[in-house]
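Asks: Please find the sequence and the predicted model below.
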Amino acid sequence: MRHITDDERRARLARRHAVAPWSRVGDAEAATRAMTVLHSTEPATVYLSCWARVDGLAVADVDRALHVERTLVKQLAMRRTLFVFPRDLLAAAWGSASARVAEAELKRMAKDVEKAGIAADGARWVHEARAAILAELATRPDGLTAVEVRGLLPDVAVRFDVTAGSVWNHGRVLTHLGLTADLVRGTNTQHWRLSRPRWTLMSDWLGSPEAPLSLEEGYAEIVRRWLRTFGPGTEADLVWWLGGTKGAVRSALASVEAVEVSLDGGGTGWVLPDDAEPEPAADPWAALLPVLDPTVMGWKERAWYLGDHGPDLFDRNGNAGTTAWVDGRVVGAWVQDDGGVVSVHLLEPVPAAARAALDAEAARLTTWLDGVRVGTVYPSPAMKAARAAD
């Protein structure tokens, strides 16, 4: 069995994730493909993840890919998380990860509707609400915002308490329609840092979208791309990232004929059969990545790139804040001051050359943002401490 050391994993990360300055790619589509998918829970992450991987990127370049050419598409999928997918990977998600989440979400919605006394048959009510929204959108190829849907369909847009502090609204029905590929988050009506999409029929947005793959085929294709980006990864990594079962992961690994490798620390990882050759050492590099960047969130077992810094870099729910990277390891976080200037705050000492490279990236990001301040609902302890110190 071939052994892949942590140093080699870091070299693979540098090249495959396009995060080292010398490994950057040419456009937003290539940056997304490099990562399999991009996190989109916070809309700014998509733009900043692309900025980190593409020289000369403009906001308009990402807008073009998302809203004009539609080569990149937002889709709720693994772990009930919103991602940006390359268009040709959507069918795999629709038949596997998105379908799994849709089934579970329908059961939860039906239960909530019944518990609130809205309808005796919660599943039927949800399906009727879905049908009403689809009928309204059938003659609106440009889509509707959630606020517009609420005004047009008051019977669907009921509000009631689900639990303490949690209120039902019709956004859950829209989300479910997105999971089943009936609707898509189309044109964003707000600044790129914010999200208020025009919900649009998938058929209007993509023309003639492909049919969903089968469950097994869908998981296999997603796992194939994940291994190309993140391999070697462990079974635990994949179960967590995919939001699937061990059975689904093992079946997918068998389908792609993944090869076992040993890892530092005694673990077992997996790579694609044509990806087991030794990785050359990587030249020094530094990078700044945004909240929830896929490089930070790609694995469950993260000690080989986080060291002991995990508690400082993730909130209590496992959401990653901003990160500063040197040679495949996270060494700190970055924040902006009131004027929008980006600064790096280290969690450990780094060589002078690495510090200079991080400062250069901070200056590059400050220039690119041009005074725009990017907020987050997921500040890490390291980010909070940095802001308090500024």
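Replies: In hand now; what should we look at? Residues are numbered from 1 along each chain as shown.

Asks: okay, CA-based contacts and neighbour counts for the rest of this
Replies: OK.

Asks: show me the contacts for the spatially closest residue to residue 200 that is not a sequence neighbour.
Replies: Spatial nearest neighbour of residue 200, chain neighbours left out: residue 143 (4.2 Å); criterion: CA to CA, 6 or more residues apart in numbering. Residue 143 makes contacts with 137, 186, 198, 199, 200, 201, as judged by CA atoms under 8 Å, 6 or more residues apart in numbering.

Asks: Now rank these by neighbours and give me the top one.
Replies: Neighbour counts for these, by other CA atoms under 10 Å, peak at residue 199, which reaches 29 neighbours.

Asks: which helices and strands sit right next to the host helix or strand of that residue?
Replies: Taking DSSP states H and E as the definition, one finds residue 199 inside strand 197-201. Counting contacts by 3 or more CA pairs under 8 Å, 6 or more residues apart in numbering; DSSP states H and E, strand 197-201 is packed against helix 122-137, helix 146-152, strand 183-188.

Asks: Repeat the analysis, applying 6 Å as the threshold.
Replies: strand 183-188 (3 or more CA pairs under 6 Å, 6 or more residues apart in numbering; DSSP states H and E).

Asks: contact partners of the strand it packs on?
Replies: 67, 177, 178, 196, 197, 198, 199, 200, 201, 202 (CA atoms under 6 Å, 6 or more residues apart in numbering).

Asks: orientation of whichever strand or helix holds the third one relative to strand 197-201 in degrees?
Replies: Following DSSP H and E, the helix or strand that holds residue 178 is helix 171-179. Interaxial angle of helix 171-179 relative to strand 197-201 (axes from the mean of the first three to the mean of the last three CA atoms, to 10 degrees): 50 degrees.

Asks: Centre of the chain to helix 171-179, how far?
Replies: 18 Å (CA atoms, centre = their mean, to the nearest Å).

Asks: same thing with stretch 134-146?
Replies: 26 Å.

Asks: Ok, stretch 214-233 next?
Replies: 15 Å.

Asks: Can you name the residues that contact residue 243?
Replies: So residue 243 contacts 78, 79 (CA under 6 Å, 6+ apart).

Asks: change it to 8 Å
Replies: 78, 79, 97.

Asks: between the contacts of residue 143, which is nearest residue 6?
Replies: Distance ranking of the contacts of residue 143 against residue 6, using CA to CA, places residue 186 first at 40.4 Å.

Asks: Strands along the stretch 251-390 of the chain, start to end?
Replies: Ranges of strands in the stretch 251-390 of the chain, per DSSP state E, counting those that start in this stretch, are 259-263, 268-271, 286-289, 323-326, 329-336, 342-346.

Asks: Not counting its own residues, what contacts the third one?
Replies: With CA under 8 Å, 6+ apart as the contact definition, strand 286-289 has outside contacts at 19-21, 48-49, 52, 322-327, 334, 354, 357-358, 361-362.

Asks: Point out where the stretch 101-250 of the chain drops to low pLDDT.
Replies: Residues of the stretch 101-250 of the chain meeting the criterion pLDDT under 70: 164-165.

Asks: all helices for the stretch 201-350 of the chain, in order.
Replies: 202-206, 215-230, 235-242, 246-255, 294-297, 303-306, 310-313 (DSSP state H, counting those that start in this stretch).

Asks: circling back to that earlier point, out of the contacts of strand 183-188, give me the two with the largest separation.
Replies: 67 and 177 (19.2 Å).

Asks: Give me the more crowded residue out of these two.
Replies: Per other CA under 10 Å, whichever of residue 67 and residue 177 has more neighbours is residue 177, with 22 against 17.

Asks: partners of the spatially closest residue to that one that is not a sequence neighbour in the sheet?
Replies: Once flanking residues are discounted, residue 177 sits nearest to residue 183: 5.4 Å by CA to CA, 6+ apart. Using DSSP bridges, the bridge partners assigned to residue 183 are residue 201.

Asks: Equivalent analysis for residue 3, please.
Replies: Going by DSSP bridges, residue 3 forms beta bridges with residue 262.

Asks: quick one: it and residue 262 touch, right?
Replies: Yes: using CA atoms under 8 Å, residue 3 is in contact with residue 262, at 4.6 Å.

Asks: Pull the number of nearby residues for residue 49.
Replies: 26.

Asks: and residue 372, what is it in contact with?
Replies: Going by CA under 8 Å, 6+ apart, the list of residues near residue 372 reads residue 340.

Asks: Tell me how far it lies from residue 325.
Replies: 23 Å (CA to CA, to the nearest Å).

Asks: same check, this time on residue 371
Replies: 23 Å.

Asks: higher neighbour count, the two?
Replies: residue 325 (22 against 15).

Asks: And the pLDDT for that one?
Replies: Per-residue pLDDT puts residue 325 at 98.

Asks: Quick check, it in contact with residue 332.
Replies: Yes: using CA under 8 Å, residue 325 is in contact with residue 332, at 7.2 Å.

Asks: Turn the helices of the stretch 201-350 of the chain into TSV, including mean neighbour count and distance to residue 35.
Replies: Formatted as TSV, those follow (neighbours: other CA atoms under 10 Å; distance: least, CA to CA, whole Å):
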stretch	mean neighbour count	distance to residue 35
helix 202-206	18	22
helix 215-230	22	6
helix 235-242	20	13
helix 246-255	17	19
helix 294-297	21	7
helix 303-306	18	17
helix 310-313	20	20
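
Asks: number of nearby residues for residue 31?
Replies: 26.

Asks: wait, doesn't residue 331 sit right on residue 324?
Replies: Yes: if you go by CA under 8 Å, residue 331 and residue 324 touch, sitting 5.8 Å apart.
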